[in-house]
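Asker: take a look and give me a structure for this.
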Amino acid sequence: MALSRSLAQVPSSDGEENFVLETRSQERNSTSFEEKMDGKRRKRKMVYQESDDDEEEKERNQEDEERKEAGEKSHGVKPVGEPVKVTGKGKERIIHYRQFEYGGNRYHLEDSVLLNPQPDSEKPYVAFIKDITQRNDGRMMIMVQWFYRPEEAEKKGGGNWVANDTREVFYSFHCDEADAESVMHRCVVYFVPAHKQLPKRKQNPGFIVRKVYDTDEKKLRKLTDKDYDVEVQHEIDLLVEKSMSRLGDLPDLETEENVEKTKRSSRKVISLKSITSSHEAEKKATEESLKTTNDFNADNNPEGTK
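Answerer: Numbering: from 1, shown residues only. I've put the predicted structure just below:
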C-alpha cells in the first residue's frame with residue numbers, strides 16, 4: 001500500500017521573486033536554443049522527480065521491512081499483510097495493520113482474546129482487539145476493548161458484582177493499549193439477551209455477556225436497553241445478532257410470572273381431574289346400589305307369583 005507524502009513549500013525572498021520575474025520577462029522576449037529545448041527539459045525534470053520519489057518510497061519500504069524484522073526478532077511478534085494506514089511522523093510514526101502473528105497464531109481486528117494478567121495469580125483478562133500497530137522501534141501494540149469479570153467490576157457504593165454464572169463477563173467501552181505479546185490465545189464470547197436461556201456449556205463453551213458495565217458510573221445496564229447512543233446501540237445489536245446466529249434458536253427464559261401461570265394452570269387441571277373422578281365414583285356407586293336392590297326384589301318375588 002503506497003504511503004501518502006506531502007511536499008513542503010519553501011518560501012522565497014523578495015530578491016528571489018524579482019529575479020524570477022525578470023527571468024520570465026527575458027524568456028518571453030527570447031528565441032534562444034534553450035527555449036526550443038524547453039519541452040524536453042521539462043520532461044527530463046519530471047523523470048528526475050519521479051525517480052527521486054521512487055527512491056524515497058523504496059527507502060521507506062526498506063525501513064518498514066527492517067522495522068518488521070526488528071520487531072519479530074526482539075519480541076516474536078510480526079505484522080501480517082499491507083498497512084491499513086500510517087499516523088505520526090519521524091519517531092512518532094505508527095503503522096496500523098489488520099492482523100499480526102505471534103507464537104505461530106494469527107490474530108485479526110475484532111478477535112476476542114485472553115491476555116496475560118499482572119500478577120500471574122489473577123485470571124486472564126478478556127478483550128476485543130480494536131487496533132494493531134507497530135512503533136518506530138519495531139514493537140507491536142494492540143488497542144483492546146475490555147470485558148470485566150463480575151469480581152473485577154466495582155459498584156458505585158463499594159464492593160463488586162456477583163456472577164449468576166461462572167461464564168459471565170460484562171461488556172464495556174473501556175479501551176487500553178497493550179503489548180501484542182501479552183495475548184495468550186483466542187476465546188469465544190456470546191452476547192445473549194436477558195430473555196433467552198443460556199447455551200449449554202458443553203455444546204457452546206465460552207464466555208457469556210448479558211450486561212454492559214459502565215466504568216464511569218460503575219453500574220450495569222442490560223444489552224436490551226434502548227437508551228444507548230445510536231452508534232453504541234448499533235454495535236451491541238450487531239454483537240447480539242452475530243452470537244444468536246452462531247448459537248441458533250435459544251428457548252425463551254421462563255419468568256416468574258410465566259412460572260406462576262403454569263402452576264395455576266396445573267392446579268386447574270388437577271382440580272378438574274378430581275371432580276371427574278368423584279363423579280365417576282358416585283355414578284358407579286349408584287349403579288351398584290340399583291343392582292343390589294333389583295337382586296333383592298327378584299329374590300323376594302319368585303317368578304310366576306302375581
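Asker: doesn't Gln233 fall inside a helix?
Answerer: Yes. When the secondary structure is assigned by DSSP: H, G, I helix; E, B strand; the rest coil, Gln233 falls within a helix.
Asker: mind listing what it touches?
Answerer: Lys226 (Cβ atoms under 8 Å, 6 or more residues apart in numbering). Where C-beta positions appear, they are placed from N, C-alpha and C, glycine not excepted.
Asker: how many neighbours does Lys78 have?
Answerer: Residues lying near Lys78 (other Cβ atoms under 10 Å) number 20.
Asker: tell me which helix or strand it sits in.
Answerer: strand 77-80 (DSSP states H and E).
Asker: not counting that strand itself, show me its contacts.
Answerer: So strand 77-80 is contacted by 68, 71-72, 95, 97-102, 106, 132, 134, 140, 180-181 (Cβ under 8 Å, 6+ apart).
Asker: quick check: the farthest pair among those residues?
Answerer: Distance extremes for the contacts of strand 77-80: the farthest pair is Arg98 and Glu181 at 18.3 Å, using Cβ to Cβ.
Asker: what residues does stretch 104-124 touch?
Answerer: 80, 98-101, 125-132, 144, 149, 178, 180, 182-189, 207.
Asker: make a PyMOL selection of the buried ones in those.
Answerer: Buried residues among those (16 or more other Cβ atoms under 10 Å), as a PyMOL selection:
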select buried, resi 100+101+125+126+127+128+129+131+132+144+149+178+180+182+183+187+189+207
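Asker: okay, and which of the contacts of stretch 104-124 map to strands?
Answerer: Residues of the contacts of stretch 104-124 located in strands (DSSP state E): 80, 99-101, 125-132, 144, 178, 183-186, 189, 207.
Asker: what segments of the chain are strands?
Answerer: Counting by DSSP E, the strands of the chain are 77-80, 85-87, 94-97, 99-102, 105-108, 112-115, 125-134, 140-148, 168-179, 183-186, 189-191, 207-214, 219-222.
Asker: buried sites along the longest one?
Answerer: For strand 168-179, burial by neighbour count (16+ other Cβ under 10 Å) applies to Glu168, Val169, Phe170, Tyr171, Ser172, Ala178.
Asker: contact partners for the third one?
Answerer: Read that as Phe170. Counted by Cβ under 8 Å, 6+ apart, Phe170 has contacts Phe147, Tyr148, Arg149, Pro150, Ala153, Trp161, Val209, Lys211, Val212, Tyr213, Leu220.
Asker: nearest to Leu253 among the residues you listed?
Answerer: Distance to Leu253 across the contacts of Phe170 (Cβ to Cβ) is lowest for Lys211, with 14.4 Å.
Asker: just confirm that closest one contacts Leu220, I think it does.
Answerer: Yes. In terms of Cβ atoms under 8 Å, Lys211 counts as a neighbour of Leu220; the distance is 4.5 Å.
Asker: higher neighbour count, those two?
Answerer: Neighbour totals were compared for Lys211 and Leu220, and Lys211 leads with 23 against 16 (other Cβ under 10 Å).
Asker: check what pLDDT the more buried one gets.
Answerer: Here the pLDDT value assigned to Lys211 is 95.
Asker: would you mind measuring from Pro124 to Pro199?
Answerer: Counting by Cβ to Cβ, to the nearest Å, the gap from Pro124 to Pro199 is 21 Å.
Asker: stretch 145-165 - what's its average pLDDT?
Answerer: 91.
Asker: end-to-end on it?
Answerer: End-to-end distance for stretch 145-165: 22 Å, by Cα to Cα, to the nearest Å.
Asker: do the same with stretch 155-164
Answerer: Terminal-residue distance, stretch 155-164 (Cα to Cα): 16 Å.
Asker: tell me which residues in that stretch are buried?
Answerer: So for stretch 155-164, counting by 16+ other Cβ under 10 Å, buried means Trp161.
Asker: other residues contacting it?
Answerer: Counting by Cβ under 8 Å, 6+ apart, Arg149, Pro150, Glu151, Glu152, Ala153, Glu154, Phe170, Arg210, Glu217, Lys218, Lys219, Leu220 sit against stretch 155-164.
Asker: would JSON lines of these with distance to Asp252 be doable?
Answerer: Formatted as JSON lines, those follow (distance: Cβ to Cβ, whole Å):
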{"residue": "Arg149", "distance to Asp252": "27"}
{"residue": "Pro150", "distance to Asp252": "24"}
{"residue": "Glu151", "distance to Asp252": "29"}
{"residue": "Glu152", "distance to Asp252": "30"}
{"residue": "Ala153", "distance to Asp252": "27"}
{"residue": "Glu154", "distance to Asp252": "32"}
{"residue": "Phe170", "distance to Asp252": "23"}
{"residue": "Arg210", "distance to Asp252": "14"}
{"residue": "Glu217", "distance to Asp252": "30"}
{"residue": "Lys218", "distance to Asp252": "31"}
{"residue": "Lys219", "distance to Asp252": "26"}
{"residue": "Leu220", "distance to Asp252": "22"}
